[in-house]
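Show me how the following folds:
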Amino acid sequence: MKAPLFWVLATALTLGGISQSITAEKKKTPDRERFIGSWHLVSLGDVGPGGKLNNDVGLLGTLIYTRDGHMSVQIMYPPAASSLSNDYVLNGYEASFGSYEVDEAKHTITHHVQGSITHGLVGKKLPRVYQLTDDGHLIIKSIRPDEHWQVVWEHD
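Numbers count the residues shown, from 1 in each chain. Here you go, the predicted model:
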(Lines give C-alpha, C1' and ligand atoms only; values in the text may rest on other atoms or scores of the structure.)
Protein backbone atom coordinates (compact mmCIF):
# COMPACT_ATOMS: atom_id res chain seq x y z
CA MET A 1 0.00 0.00 0.00
CA LYS A 2 1.42 3.36 -0.99
CA ALA A 3 1.61 6.17 1.56
CA PRO A 4 -0.59 9.12 0.69
CA LEU A 5 1.34 12.00 -0.84
CA PHE A 6 0.31 14.18 2.11
CA TRP A 7 2.16 11.95 4.62
CA VAL A 8 5.26 11.75 2.47
CA LEU A 9 5.40 15.53 2.18
CA ALA A 10 4.62 16.03 5.88
CA THR A 11 7.44 13.66 6.86
CA ALA A 12 9.91 15.36 4.51
CA LEU A 13 9.01 18.80 5.86
CA THR A 14 9.29 17.62 9.46
CA LEU A 15 12.72 16.03 8.90
CA GLY A 16 13.90 19.12 7.02
CA GLY A 17 12.73 21.31 9.90
CA ILE A 18 14.55 19.13 12.44
CA SER A 19 17.77 19.36 10.39
CA GLN A 20 17.48 23.15 10.14
CA SER A 21 16.70 23.35 13.85
CA ILE A 22 19.84 21.35 14.73
CA THR A 23 21.98 23.55 12.44
CA ALA A 24 20.45 26.73 13.89
CA GLU A 25 21.00 25.47 17.44
CA LYS A 26 24.66 24.70 16.67
CA LYS A 27 25.15 28.25 15.39
CA LYS A 28 23.53 29.68 18.54
CA THR A 29 26.00 27.84 20.76
CA PRO A 30 28.66 30.31 21.92
CA ASP A 31 32.09 29.68 20.39
CA ARG A 32 33.64 29.24 23.83
CA GLU A 33 31.32 26.29 24.45
CA ARG A 34 32.20 24.77 21.09
CA PHE A 35 35.90 24.75 22.08
CA ILE A 36 35.29 22.58 25.17
CA GLY A 37 36.60 19.04 24.93
CA SER A 38 39.39 17.18 23.20
CA TRP A 39 40.54 17.63 19.62
CA HIS A 40 42.91 15.56 17.48
CA LEU A 41 45.30 16.98 14.92
CA VAL A 42 44.20 16.87 11.29
CA SER A 43 46.94 18.97 9.70
CA LEU A 44 49.61 21.54 10.43
CA GLY A 45 51.58 23.45 7.87
CA ASP A 46 52.80 26.69 6.41
CA VAL A 47 50.63 28.78 4.15
CA GLY A 48 52.70 29.51 1.06
CA PRO A 49 52.27 31.88 -1.86
CA GLY A 50 48.73 32.10 -3.17
CA GLY A 51 47.37 30.56 0.04
CA LYS A 52 48.65 27.06 -0.81
CA LEU A 53 49.02 24.98 2.35
CA ASN A 54 52.22 22.94 2.71
CA ASN A 55 51.30 20.33 5.33
CA ASP A 56 53.78 18.53 7.51
CA VAL A 57 53.09 14.79 7.42
CA GLY A 58 53.28 12.14 10.10
CA LEU A 59 52.34 14.40 13.01
CA LEU A 60 50.18 13.31 15.92
CA GLY A 61 48.57 15.74 18.30
CA THR A 62 45.93 16.47 20.86
CA LEU A 63 44.41 19.73 22.07
CA ILE A 64 42.19 20.02 25.13
CA TYR A 65 40.04 22.91 26.33
CA THR A 66 38.25 22.61 29.67
CA ARG A 67 35.07 24.36 30.70
CA ASP A 68 36.89 26.12 33.55
CA GLY A 69 39.34 27.83 31.17
CA HIS A 70 42.37 25.55 30.97
CA MET A 71 44.09 24.28 27.85
CA SER A 72 46.78 21.80 26.92
CA VAL A 73 48.37 20.99 23.57
CA GLN A 74 50.82 18.29 22.51
CA ILE A 75 52.17 17.56 19.05
CA MET A 76 54.66 14.84 18.19
CA TYR A 77 56.59 15.16 14.95
CA PRO A 78 57.73 12.07 13.01
CA PRO A 79 61.10 10.45 13.85
CA ALA A 80 62.72 12.18 10.84
CA ALA A 81 62.01 15.53 12.56
CA SER A 82 63.30 14.46 15.98
CA SER A 83 65.99 17.17 15.89
CA LEU A 84 63.48 19.95 15.02
CA SER A 85 63.63 22.77 17.56
CA ASN A 86 62.25 26.31 17.44
CA ASP A 87 60.17 28.68 19.61
CA TYR A 88 57.44 26.04 19.96
CA VAL A 89 59.12 22.68 19.38
CA LEU A 90 61.98 20.97 21.20
CA ASN A 91 63.53 17.86 19.65
CA GLY A 92 60.44 17.11 17.56
CA TYR A 93 57.91 17.56 20.35
CA GLU A 94 55.60 20.46 21.16
CA ALA A 95 53.78 20.73 24.47
CA SER A 96 52.33 23.56 26.51
CA PHE A 97 49.53 24.21 28.95
CA GLY A 98 47.83 27.11 30.63
CA SER A 99 44.61 29.06 30.41
CA TYR A 100 42.71 30.56 27.50
CA GLU A 101 40.19 33.24 26.64
CA VAL A 102 37.94 33.58 23.61
CA ASP A 103 36.98 36.85 21.93
CA GLU A 104 34.07 35.90 19.67
CA ALA A 105 33.78 39.39 18.17
CA LYS A 106 37.38 39.27 16.90
CA HIS A 107 37.41 35.48 16.32
CA THR A 108 40.53 35.16 18.45
CA ILE A 109 41.58 32.78 21.16
CA THR A 110 44.48 33.68 23.42
CA HIS A 111 46.52 31.00 25.13
CA HIS A 112 48.20 32.14 28.35
CA VAL A 113 51.17 29.77 28.59
CA GLN A 114 51.93 28.63 32.14
CA GLY A 115 54.21 25.76 31.18
CA SER A 116 55.93 24.59 28.01
CA ILE A 117 58.58 22.20 26.79
CA THR A 118 60.26 25.32 25.37
CA HIS A 119 60.88 27.62 28.32
CA GLY A 120 60.74 30.74 26.12
CA LEU A 121 56.95 30.42 25.84
CA VAL A 122 56.33 30.34 29.60
CA GLY A 123 54.45 33.45 30.69
CA LYS A 124 53.57 34.51 27.14
CA LYS A 125 50.16 35.34 25.74
CA LEU A 126 49.66 33.76 22.32
CA PRO A 127 46.72 35.32 20.45
CA ARG A 128 45.42 33.26 17.53
CA VAL A 129 42.74 33.71 14.90
CA TYR A 130 40.24 30.85 14.85
CA GLN A 131 37.48 29.46 12.70
CA LEU A 132 34.97 26.83 13.85
CA THR A 133 33.54 25.00 10.85
CA ASP A 134 30.14 23.36 10.51
CA ASP A 135 31.80 19.97 9.97
CA GLY A 136 33.46 19.98 13.42
CA HIS A 137 36.88 21.41 12.61
CA LEU A 138 38.79 24.11 14.42
CA ILE A 139 41.25 26.08 12.28
CA ILE A 140 43.84 28.14 14.16
CA LYS A 141 46.30 30.59 12.60
CA SER A 142 48.92 32.84 14.11
CA ILE A 143 48.02 36.50 14.39
CA ARG A 144 51.67 37.48 13.89
CA PRO A 145 52.51 38.71 10.38
CA ASP A 146 55.86 36.86 10.44
CA GLU A 147 54.23 33.47 11.10
CA HIS A 148 52.40 31.81 8.21
CA TRP A 149 51.20 28.54 9.68
CA GLN A 150 47.79 26.99 10.07
CA VAL A 151 46.69 24.06 12.21
CA VAL A 152 43.44 22.13 11.78
CA TRP A 153 41.88 20.14 14.62
CA GLU A 154 38.87 17.84 14.65
CA HIS A 155 36.61 17.47 17.69
CA ASP A 156 36.75 14.01 19.26
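
Could you give the bridge partners of the residue nearest to W149 when sequence neighbours are not counted?
Sequence neighbours aside, D46 is the residue nearest to W149 in space, at 5.3 Å (criterion: C-beta to C-beta, 6 or more residues apart in numbering). Just so you know, the C-beta spots here come from the backbone N, C-alpha and C atoms, and that holds for glycine as well. With DSSP bridges as the criterion, D46 is bridged to N54, W149.

contacting residues around D46?
By C-beta atoms under 8 Å, 6 or more residues apart in numbering, the contact set of D46 is L53, N54, H148, W149, Q150.

G37 contacts L138, doesn't it?
No. Using C-beta atoms under 8 Å, G37 is not in contact with L138; the gap is 10.3 Å.

Mutual contacts of those two, please.
Jointly contacting G37 and L138 under the rule C-beta under 8 Å, 6+ apart are H155.

can you give me the helices for the chain?
If DSSP state H is used as the criterion, the helices of the chain fall at 5-28, 31-35.

and these, which one is worst for confidence?
Of all those, the minimum mean pLDDT falls on helix 5-28 (a mean of 51).

sorry, back to before: by pLDDT, rank the contacts of D46 and give me the bottom one.
Minimum pLDDT for the contacts of D46 is recorded at L53 (70).

Report the spatially nearest residue to R128, omitting neighbours in sequence.
Setting aside the residues directly before and after it, R128 is nearest to I140 in space (C-beta to C-beta, 6+ apart), at 4.9 Å.
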